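Colleague: Here is my input, please return the structure:
(chains A and B)
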Amino acid sequence: MLKSKKNVLWEALVVTIVIFLAGLFLGMLLETSNSVEVSNLYTQSEISLTDAMTTLRLTEDSDFNCDVIKQGNIDFANRIYEEAKTLEKYEESGKLTDSIKLFHKKYDLLRTLLWTSNQKSLERCENYDLLVYLYEYNSEDNGKKALQNVWSKILLDVKQQNEDILLLPIAADQELTSLDLLMSEYGITQLPALVINNEQVLYEIENQNQIQTLLD
Amino acid sequence: MEFLTILYFVYTFVAFYFLTIYIMTYFQNRKAMYETIEPDKIRSLSMVIPCFNEAKSIGKNIEAFLNSDYNGLKKLIIVDDCSTDNSYEIIKQYAKKYSKVIALQTPKNTGNAAGAKNFGIKYVKTELIGFSDADSLPNKNAISKMVGAFNDSKVGGITSRVFVNNPKNYLSRIQAIEYKIIAFTRKLLEFLDAIYVTNGPLSLYRKKAFDQTGGFDTNNLTEDIELTWHLVEKGWQVKMSIPAIVRSYVPITIKTWFHQRIRWNVGGIQTIAKYRKQFLGTGMLGLFIMPFFALSWFLGLTGLVFLGYRIINYIMVRFLVAKYSVAAQVALISMDEFTVNPSILFIFGIVLFSLGLAYTITALTYSKESGWIIGHSIRDIFIYSFFYLLMYPPLLIVSFYKYLRGYNTW
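Modeller: The predicted structure follows:
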């Protein structure tokens, strides 16, 4: 009698395991499909960045129009900003694999490259402003999460009001050697931080007007 | 993978497992759900009914048993536990009028139902012994529907299905849903030999089996749970009859409901503590009933911790965002913050909830008293599923605390 009762318990266990594994497999498929989509976007961005960097290199040796440089950079930054939103969307739903998180890191590296490649052109061309927003990606601190949320909104407002701004949000705690070196170059010790035109570092932002005044 | 994600997967796995057990058991036995076994002979039965300040209901209770169509019911032993109202007078009047009714009174108030029941047991000489609460009203055929189970010499006890007699306000209507789901689940557990409680409103036992337990444990707040585990431990089978219906009153105020649930939970903890050595031992008590109890509590508590953590975190972040946003003069929320891209955890949660809801509706459909398919309003089922069940884990935490503090009052 007991044996037959136990059978249901074993059978139910097997059924549960099968359903559960099927669910996990489905979840992994879903996340892989998201990764493939992000991967395609990333490839496009890599091409755009290479193009932008080649343009910048050409300008170093010739009298290229600063408008071309500005537009190329801003278009590229806007493009990766939009892609970042797609990435963020998938990132929140990615629970089983780290592939999307790795893409986030790759995008941060792209933005870091754009930041470094703009150092010289920013000196030559004064027709645009560069805002590098460095934030903590893996923060568990609710206060910091909320603060970063508000900083993002302020900076987005600033960018929407001024087309000539190159805004680069970069997760600064991704263990990227190049980024760490850049941060130490600017003496950045805490996050979030805002680097304005590679000259000034802010650790506190009151509102949009404060940044606008600094840019003016 | 994050710790919370792993915890969530463990939680959903255990919940899926329980649901799968129920669903498979249901499909394997659905034709036997309403089965009634015809008794192979008339077995003599004595009912013992404890009574404490039940002047309003004891008369109806006695009459309901006197109206029973079971010929083997020999004695109705009503034990007054030194009521301060006129319960005992009413009982004596019935005893004068009907020879079946025996009026007893304990020498002093025992403080719980177990004490009064144990007092009445001494007067039982029949093959079967039954217990009921003084405010419960069994259907005329309730006992007849149960006694056939004793044809099987391995059966030590059988319990009935309880319907709520006073579904007047929200709380009692929700409990009416709860009681039906409990009864449906208990019947499924019967097929696994895993019934863990024979209810107070109406349960019958083989006297020989009952005597082996030594009676009710007066130190336990849920003497009916303890007795059932004792029977199972002794190797007796416990059954449940869906067609045997008894109606009972449930708490209609939050305060009395809370008090009742604390008593039930503390009693459950006392019983687990008493039988802890049986855990994972041989027999369904150790192999299923105890792990089932323990895992049910694990599910409740982890669910509460998980949900609580998420909600508190979300509220804190939203509060701080609102505070900083006002100071910085930016929008409180932006559309970018809303994404419709469900994670696998969300999908698991939805599937689990849908299965749970399907189970609830199936249980209600099987138990409907009147009305349309389900017999309850969608609103009440919604309140039961989304709010009432969420009260279980906090109750459990309070009960643990009270247990540790030595809570032992009715």
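
Colleague: Could you say whether B:Thr198 sits in a helix, a strand or coil?
Modeller: coil (DSSP: H, G, I helix; E, B strand; the rest coil).

Colleague: Confirm for me that it is in contact with B:Ile158.
Modeller: Yes: assessed by Cβ atoms under 8 Å, B:Thr198 is found in contact with B:Ile158 at 7.4 Å. C-betas here are computed from N, CA, C, even on glycine.

Colleague: Tell me which of these two has more neighbours.
Modeller: Comparing B:Thr198 with B:Ile158 by neighbour count (other Cβ atoms under 10 Å in any protein chain shown), the higher total belongs to B:Ile158, at 29 against 24.

Colleague: That one: what secondary structure?
Modeller: B:Ile158 is classified as strand under three-state DSSP.

Colleague: need the contact list for it.
Modeller: B:146-147, B:149-150, B:198, B:203-205, B:238-241, B:244 (Cβ atoms under 8 Å, 6 or more residues apart in numbering or on different chains).

Colleague: how much space between it and chain A?
Modeller: 17 Å (Cβ to the nearest Cβ, to the nearest Å).

Colleague: ditto for B:Ile195
Modeller: 12 Å.

Colleague: Give me the three-state assignment for that residue.
Modeller: coil.

Colleague: Please verify my assumption that it contacts B:Leu188.
Modeller: No: taking Cβ under 8 Å as the definition, B:Ile195 is not a contact partner of B:Leu188, at 9.7 Å.

Colleague: Please pick the buried ones from the contacts of B:Ile158.
Modeller: B:146-147, B:149-150, B:198, B:203-205, B:238-241, B:244 (16 or more other Cβ atoms under 10 Å in any protein chain shown).

Colleague: ok, which of those residues also contact chain A?
Modeller: Filtering the buried ones among the contacts of B:Ile158 for proximity to chain A by Cβ under 8 Å from any Cβ of the partner chain leaves nothing.

Colleague: And for residue 47, the neighbour number?
Modeller: Since you didn't name a chain, this refers to chain A. 10.

Colleague: ah, I was thinking of chain B
Modeller: B:Met47 has 28 nearby residues by other Cβ under 10 Å.

Colleague: Would you agree it falls within a helix?
Modeller: No: under three-state DSSP, B:Met47 falls outside any helix and is assigned strand.

Colleague: Check the burial of the residue nearest to it when sequence neighbours are not counted by counting its neighbours.
Modeller: Nearest residue to B:Met47, sequence neighbours excluded (Cβ to Cβ, 6 or more residues apart in numbering or on different chains): B:Gly130, at 4.5 Å. Residues lying near B:Gly130 (other Cβ under 10 Å) number 28.

Colleague: Packing partners of the host helix or strand of B:Gly130?
Modeller: For B:Gly130, the element it lies in under DSSP states H and E is strand B:128-131. Under the contact criterion of 3 or more Cβ pairs under 8 Å, 6 or more residues apart in numbering or on different chains; DSSP states H and E, strand B:128-131 touches strand B:45-51, strand B:203-206, helix B:207-213.

Colleague: Quick check: which of those is nearest to B:Ser136?
Modeller: strand B:45-51 (8.6 Å; Cβ to Cβ).

Colleague: overlap in contacts of B:Thr198 and B:Ile158?
Modeller: With Cβ under 8 Å, 6+ apart, B:Thr198 and B:Ile158 have common neighbours B:Tyr205, B:Val238.

Colleague: Packing partners of the lowest-mean-pLDDT helix or strand in chain A?
Modeller: Least confident helix or strand of chain A, by mean pLDDT, DSSP states H and E, is helix A:66-93 with a mean of 74. Counting by 3+ Cβ pairs under 8 Å, 6+ apart, the packing neighbours recorded for helix A:66-93 are helix A:2-61, helix A:99-124, strand A:165-171.

Colleague: Can you pull the poorly scored residue ranges out of chain A?
Modeller: Within chain A, the stretches with pLDDT under 70 are A:1-6, A:56, A:59-64, A:85, A:89, A:91-97.

Colleague: Domains in it, by residue range?
Modeller: In terms of domains, chain A is parsed into A:8-126, A:128-216 (source: automatic domain parsing).

Colleague: In the stretch 301-410 of chain B, mark out all the strands, start to finish.
Modeller: Counting by DSSP state E, counting those that start in this stretch, the stretch 301-410 of chain B has no strands at all.

Colleague: At the contact with chain A, which residues of it appear?
Modeller: B:313, B:316-317, B:319-321, B:323-325, B:327-331, B:334, B:336, B:339, B:341-348, B:351.

Colleague: Please indicate which of those residues are buried?
Modeller: Buried members of these, scored by 16+ other Cβ under 10 Å, are B:Leu320, B:Val321, B:Tyr324, B:Ser325, B:Ala328, B:Val330, B:Ser343, B:Ile344, B:Leu345, B:Phe348.

Colleague: Which of these scores worst on pLDDT?
Modeller: Within these, pLDDT reaches its minimum at B:Ser343, with 72.

Colleague: quick one: that one from B:Glu2, how far?
Modeller: Distance, B:Ser343 to B:Glu2, using Cβ to Cβ, to the nearest Å: 12 Å.
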